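# next input, structure requested:
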Amino acid sequence: DLGTKVITATHGVVNPQTWFMLAQQGGPALSGMSDEGLMTMAIAAQAMKGPRAGTALFSAFSQFAGGRMMKFQAEQLEKLGLVGHHRGHGLSITWPEGSLNTPFVAALKKDPMAAVQILQDALVKHGKTTIDQQVPELFKLLGRQTTVRLVHDLLRNMPQIIAERGRIMGGLGIEGSAALANAEDYEQVMHNLGASFQEMMM
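Numbering: from 1, shown residues only. Below is the predicted model of the structure:
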């Protein structure tokens, strides 16, 4: 139903193949997402295409849910309060119990847009108040270029994406579309009338 709403709202740009490629590359990163999170990623796939959006999400998931990142990224994230304390160096970072159980990481698992809002609030608190100041920070915080692209697009287009999600949620899904066609579509109504009359006569 959600997929149908997104396909309709994007005029078929995000289609079943897009959803499939997004899921194929995103894998477990998509499995626990809310409807809002899935719509966020569908909107991202509209701009980035399904495979790249899925790869970007899985990379972010690996970094934050799995804790796989470079030491300097962990340090920058700690300064912003987005993750807890870490130990080690290079890629041999270990995370004490609960260090990755932060509101930012929890939001990322449910809805990347909610995580980006938390990230933006943290950047503003540390003096990065404009988009032009915030974008360079993404390269210090995030691992792969595809993830930087995903977060950049969500950050820069946040108001429009949130508004678009609201419009999609208000749209008709499969059941609603079928009900409307049954009630309003002339050919469908005539078919229903003919079928009912034939059944009555039999």
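# summarise which helices and strands the strand or helix carrying Leu138 is packed against.
Using DSSP states H and E, Leu138 sits within helix 131-141. Here helix 131-141 touches helix 71-80, helix 112-125, helix 145-156, going by 3 or more Cβ pairs under 8 Å, 6 or more residues apart in numbering; DSSP states H and E. For every residue, glycine as well, the C-beta is placed using N, CA and C.
# of all those helices, which lies closest to Ser62?
Checking these against Ser62 by Cβ to Cβ gives helix 145-156 as the closest, at 9.3 Å.
# next helix or strand past the closest one?
helix 158-169.
# so what's Leu82 closest to, chain neighbours aside?
Of all residues not flanking Leu82 in the chain, Phe104 sits nearest, at 4.3 Å (Cβ to Cβ, 6 or more residues apart in numbering).
# in what helix or strand does the one you found lie?
According to DSSP H and E, Phe104 maps onto helix 103-110.
# who's in contact with that helix?
Residues from elsewhere that reach helix 103-110 (Cβ atoms under 8 Å, 6 or more residues apart in numbering): 29, 32-34, 36-37, 60-61, 64-65, 82-83, 114-115, 117-119, 122.
# Throw together a ChimeraX command that grabs the buried residues out of those residues.
Buried members of the contacts of helix 103-110, defined by 16 or more other Cβ atoms under 10 Å, are picked up in ChimeraX with:
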select :29,33,36,37,60,61,64,65,82,83,114,115,117,118,119,122
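# what about the residue lying closest to Leu154 once chain neighbours are set aside, how many neighbours?
What sits nearest to Leu154 in space, not counting adjacent residues and going by Cβ to Cβ, 6+ apart, is Val116, at 4.5 Å. Counted by other Cβ atoms under 10 Å, the residues lying close to Val116 total 23.
# and Ala53, by the same measure?
A count of neighbours around Ala53, defined by other Cβ under 10 Å, yields 29.
# where's it relative to Thr147, distance?
Distance, Ala53 to Thr147, using Cβ to Cβ, to the nearest Å: 10 Å.
# re the thing from before, please convert the helices and strands packed on helix 131-141 to JSON lines, extending it with distance to Ile131 and mean pLDDT.
Formatted as JSON lines, those follow (distance: least, Cβ to Cβ, whole Å; pLDDT from 0 to 100):
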{"stretch": "helix 71-80", "distance to Ile131": "17", "mean pLDDT": "91"}
{"stretch": "helix 112-125", "distance to Ile131": "9", "mean pLDDT": "95"}
{"stretch": "helix 145-156", "distance to Ile131": "6", "mean pLDDT": "92"}
